[in-house]
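In: sequence first, then the predicted structure, then my questions.
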Amino acid sequence: MAKLAKELFDSRFLEKWYRHYQQVVTGGALAAAQDENLAQWLRIQARIRHMLPKELQEKLATLPPDLEEVQHSWEARFRQLANFAQQHGHTYLPADAAYEELKDWLIRQVIAKTYLSASQLQRLDQLGVDWEMTISRDHRWEQMWHRLQDFKELFGHCRVPQKWPHDKQLALWVTIQRRLHANNKLREDRARKLSQLNFTWNGHDVYQEQWEGFFGQLLAFRQAQGHCRVPCRHRKLVSWIERQRLLKKKGQLPDEREERLNKIDFIWEASSARKKNWEDKYRQLRAYRQRHGHSFVPVNCRENRELGCWVATQRALEAKGKLEARKRQKLDQLGFVWAGQTQRTLQERHEAIWEQNFEKLRAYYQQHGTCQVSLQDDAQLQRWTVWQRKQFYKGKLAASRIDRLNELRFPWSVQEGYWLRMYEALADFKKQFGHTRVPYQWEGDPQLAAWVYRIKLQQGELSMQKKELLGQLGFDWKVSRRQVVEWEGMYRRLVAFAKEHGHTRVPVKWPEDPKLGKWVSRMRQERTKLDEERVALLNRIGFSWSRHSGAEKVSV
């Protein structure tokens, strides 16, 4: 039973529990209201919270308040009792159908007093709860039966471990029911109700169920693998196998079980099984060396995890002086890397792999102009870049590697990769137009226009490195949402003006074309910043560079 207590909260239970918990967290009260199974799970958690490990109790405590009504939680029932006490001045609930559920809850608190928190005890005391209230044996039995029902809903069976620390009362009650049944002193109606839950009436049945469960696992393994040589990573099943061997050696294994094991070619001698397993793994290692050119199998080898664990075991045995000389000699023939050589060999392989991926990244950058590798282009290289970022943010990436990646303008985050692409687009814009004033909602590149506008608004949040990069382009930080016309278009409008009026002195506030007047004024102000080619174009049409020339009225 002590072993059973440890197995209740196994990985399968926790996986299932967290799956339901995540559904509640994601969907909230609405999901629970629409899914009766989820709502039922919530209600059970509220009742059996004291049975759960502390970690799971803390998780339940973080659920939002709007789930209380779905849970019928302790808080919801307490509020009902508090309202009754406020109206009547006491907590003695009448024998009325309207208060039946609340009375059942109150009796559960009295029976399970030892499992209440200090805060819950204090709050019930303040309401004047009578902890010595008379509870009939029938009512007490019914309450414990409901707790056993919750246990079965939680774990899928009624095998409550003896002296179970999470609910000692329930464990003792279950033991008493078995004892009364064995002595023919359990009432028929109670025995019938327990049988409805598939109650386990004696310890022998418990162990029989356990044996059948492990035998089923071994049978499934044999059907999948073709043998009964279970690897050590299946710890529980391996322990059960060893117990069967020991029981047979002592003559304590029932004939019926021995016969069933023989039918599936059970290996009774562990030494012969280990020898055969060693030879199988050695052949796998030899095949691995033929494919990869070395026998340095990583422990977490995706290709063959069992082989990786076996190789690590051979190293450990050799380091302790427990590996047979014959086996060491055979492994040496494959160029096996022993414990004293692993660090240097591992470092050399890591360096070679890093260099190989770095060169692939360099080639990708030269081809695509970015280090933001697409999964569709090269999934393996993309995963490598993600790993570099993780190591960088953990402070585990060597400074020399950081410098080499920086030479490729490596983005240390996905957001930074986007930022660098936009920066390069802005640099191209500067080469083309001579400035960084990308028009708001510019049709030539709306994405760049939006990015430039956002950068200006977020100036205070930018790092010094990014500000320096923008400064190298002569970035204009003034925020403007004007729809700016391209330079060539404005120049053509000025040429048309000069042909019509005989000069280029466009008034700043010329009503017929206000944008042209402002553009002419800006050309005068930015003369020193204009490209020589544009200055020559303006001079060709006799452009007036004087600041005051635009103030003259246009002759009509």
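Out: That came through fine. Residues are numbered from 1 along each chain as shown.
In: tell me where the stretch 201-350 of the chain has helices.
Out: With DSSP state H, counting those that start in this stretch as the criterion, the stretch 201-350 of the chain has helices at 203-225, 235-249, 255-263, 270-292, 305-319, 325-332, 339-368.
In: what's the fifth one packed up against?
Out: This points to helix 305-319. For helix 305-319, the contact count by 3 or more CB pairs under 8 Å, 6 or more residues apart in numbering; DSSP states H and E identifies helix 270-292, helix 325-332, helix 339-368 as packing neighbours. (Each C-beta comes from the backbone N, C-alpha and C, glycine too.)
In: for those helices, give me TSV that also has mean pLDDT.
Out: Below are the helices and strands packed on helix 305-319 laid out as TSV (pLDDT from 0 to 100):
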stretch	mean pLDDT
helix 270-292	78
helix 325-332	85
helix 339-368	81
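In: returning to what we had before: export the helices of the stretch 201-350 of the chain as a markdown table, with columns for distance to Arg147.
Out: Formatted as a markdown table, these follow (distance: least, CB to CB, whole Å):
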| stretch | distance to Arg147 |
| --- | --- |
| helix 203-225 | 19 |
| helix 235-249 | 28 |
| helix 255-263 | 34 |
| helix 270-292 | 43 |
| helix 305-319 | 42 |
| helix 325-332 | 56 |
| helix 339-368 | 53 |
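In: which of those helices is buried the deepest?
Out: Mean neighbour count (mean count of other CB atoms under 10 Å) peaks for helix 305-319 among the helices of the stretch 201-350 of the chain, with a mean of 17.
In: pull stretch 155-169 out as CSV, backbone CA atoms only.
Out: Presented in CSV, the C-alpha positions along stretch 155-169 are these (Å, rounded to 0.1, in the frame of the first residue of the first chain):
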residue,chain,number,x,y,z
PHE,A,155,-7.8,8.4,-9.4
GLY,A,156,-10.1,5.9,-11.3
HIS,A,157,-10.2,3.3,-8.5
CYS,A,158,-11.0,2.9,-4.7
ARG,A,159,-7.7,1.6,-3.6
VAL,A,160,-7.0,4.2,-0.9
PRO,A,161,-3.5,3.6,0.6
GLN,A,162,-3.3,2.7,4.3
LYS,A,163,-2.5,5.6,6.5
TRP,A,164,-2.6,7.9,3.5
PRO,A,165,-1.3,11.3,4.7
HIS,A,166,-3.5,13.3,2.3
ASP,A,167,-6.7,11.9,4.0
LYS,A,168,-6.0,9.6,7.0
GLN,A,169,-9.7,9.6,7.9
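In: give the rounded mean pLDDT of that stretch.
Out: Per-residue pLDDT over stretch 155-169 has a mean of 78.
In: so which bits of that stretch are buried?
Out: Residues of stretch 155-169 classed as buried: 155, 157-161, 164, 166-167, 169 (neighbour count, 16 or more other CB atoms under 10 Å).
In: the residue nearest to Leu334 when sequence neighbours are not counted: what's it in contact with?
Out: Spatially, and ignoring its direct neighbours in sequence, Leu334 is nearest to Ser295 (4.5 Å; CB to CB, 6 or more residues apart in numbering). Listed by CB atoms under 8 Å, 6 or more residues apart in numbering, the contact set of Ser295 reads 285, 288-289, 311, 331, 334-337.
In: if we can go back for a sec, which of the helices of the stretch 201-350 of the chain sits closest to His50?
Out: His50 sits nearest to helix 203-225 of all the helices of the stretch 201-350 of the chain, at 23.1 Å, using CB to CB.
In: now do the strands in the protein.
Out: Under the criterion DSSP state E, the chain contains no strands.
In: and the lowest mean pLDDT element among the helices and strands of this structure?
Out: helix 68-71 (a mean of 47; mean pLDDT, DSSP states H and E).
In: Val110 is in contact with Thr134, isn't it?
Out: No. Look at Val110 against Thr134 with CB atoms under 8 Å: they stay out of range, at 10.1 Å.
In: on that earlier part again, out of the helices and strands packed on helix 305-319, which gets nearest to Leu457?
Out: helix 339-368 (30.0 Å).
In: give me the distance from that closest one to the chain's centre.
Out: 28 Å (CA atoms, centre = their mean, to the nearest Å).
In: mind giving me the packing neighbours of it?
Out: Against helix 339-368 (3+ CB pairs under 8 Å, 6+ apart) you get helix 305-319, helix 379-393, helix 399-407.
In: report the angle between the last one and helix 339-368.
Out: Going by axes from the mean of the first three to the mean of the last three CA atoms, to 10 degrees, helix 399-407 is angled at 10 degrees with respect to helix 339-368.
In: how about helix 399-407: buried residues?
Out: Under 16+ other CB under 10 Å, the buried positions of helix 399-407 are 404-405.
In: please renumber the chain so that the first residue is 37 from this point on.
Out: Fine by me, first position is 37 from now on; the one you just mentioned is helix 435-443.
In: give me the contact list for it.
Out: Contacts of helix 435-443 (CB under 8 Å, 6+ apart): 390, 394, 397, 407, 424, 428.
In: which single one of the residues you listed is nearest to Phe120?
Out: Phe428 (61.4 Å).
In: give me the pLDDT value at the closest one.
Out: 77.
In: does it really touch Trp448, like I thought?
Out: Yes. Shown here, Phe428 and Trp448 form a contact pair, counting by CB under 8 Å, at 5.7 Å.
In: Pro197 and Leu208 touch, don't they?
Out: No. Contact criterion CB under 8 Å: Pro197 and Leu208 do not qualify, at 11.4 Å.
In: hmm, back to that, distance of the residue nearest to Leu370 from Tyr324?
Out: 7 Å (CB to CB, to the nearest Å).
In: then Asn336?
Out: 14 Å.
In: ok, back up a step: closest one to Arg457 among the helices and strands packed on helix 375-404?
Out: helix 415-429 (15.0 Å).
In: helices or strands up against that closest one?
Out: helix 375-404, helix 435-443.
In: can you list contacts of it?
Out: Around helix 415-429, the neighbours that count as contacts under CB under 8 Å, 6+ apart are 393, 396-397, 400, 407, 409-411, 433, 437-438, 441, 446, 448-449.
In: out of those, who's nearest Asp225?
Out: Closest to Asp225, out of all of the contacts of helix 415-429 and judged by CB to CB, is Leu411, at 64.2 Å.
In: name the nearest residue to Glu562, sequence neighbours excluded.
Out: Spatially, and ignoring its direct neighbours in sequence, Glu562 is nearest to His471 (7.9 Å; CB to CB, 6+ apart).
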